[in-house]
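1. Prediction below, plus the sequence it came from.
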Amino acid sequence: MSLLILIPFIIPPIIIVLLLGFYLSYQKLKESEREHFKHLYLELDSEKKKAHQLKNITERIKIINNSTQRKILQIKVDIFNIDFSLSEVFK
C-alpha cells in the first residue's frame with residue numbers, strides 16, 4: 001500500500017527528467033544539423049562559384065579559338081597572295 005502512495009511522487013519527477021533529457025538531446029541535434037546545413041550551404045556556394053568560373057573560361061577559350069582561326073586564315077591568304085605574286089613575277 002505504501003508503494004501506491006509513493007507512485008504519484010516518483011513518476012512525475014521521472015517524466016520531467018526524461019522530458020528534460022529529450023529536450024536537451026533535441027537541442028544538441030538541432031544545433032548539429034544547423035552546423036551541417038551551414039557547411040553544405042558554403043560548399044554549394046563554392047561549387048556555384050567554380051561552375052561560373054569554368055563557364056567563363058570555356059567562353060574565353062572559344063573566343064581565343066575563333067581569333068586563332070581567323071589569324072590562321074589570314075596567314076593562309078597572305079601565303080597564297082605571295083605565292084601568286086611570285087609565280088606572276090617569275091613567269
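-> Alright, I've got the coordinates.

2. quick one: low-confidence ranges for the chain?
-> Low-confidence segments of the chain (pLDDT under 70): 1-2.

3. Show the residue spans covered by the strands in this protein.
-> Read by DSSP state E, the chain holds no strands at all.

4. so what's the residue nearest the centre of it up against?
-> Nearest to the mean C-alpha position of the chain, by CA atoms, centre = their mean, lies Glu47 at 1.9 Å. By CB atoms under 8 Å, 6 or more residues apart in numbering, Glu47 lies in contact with nothing. All C-beta atoms are positioned from the backbone trio N, CA, C, and that covers glycine.

5. Look up how far Val17 lies from it.
-> Using CB to CB, to the nearest Å, one gets 45 Å for the distance from Glu47 to Val17.

6. what do you get for Asp78?
-> Using CB to CB, Asp78 is found at 91 Å from Val17.

7. what does Ser25 give?
-> 12 Å.

8. Repeat that for Phe9.
-> 14 Å.

9. before we move on, what about Val77?
-> Going from Val77 to Val17 by CB to CB gives 90 Å.

10. Helices along the chain, start to end?
-> Counting by DSSP state H, the chain has helices at residues 2-89.
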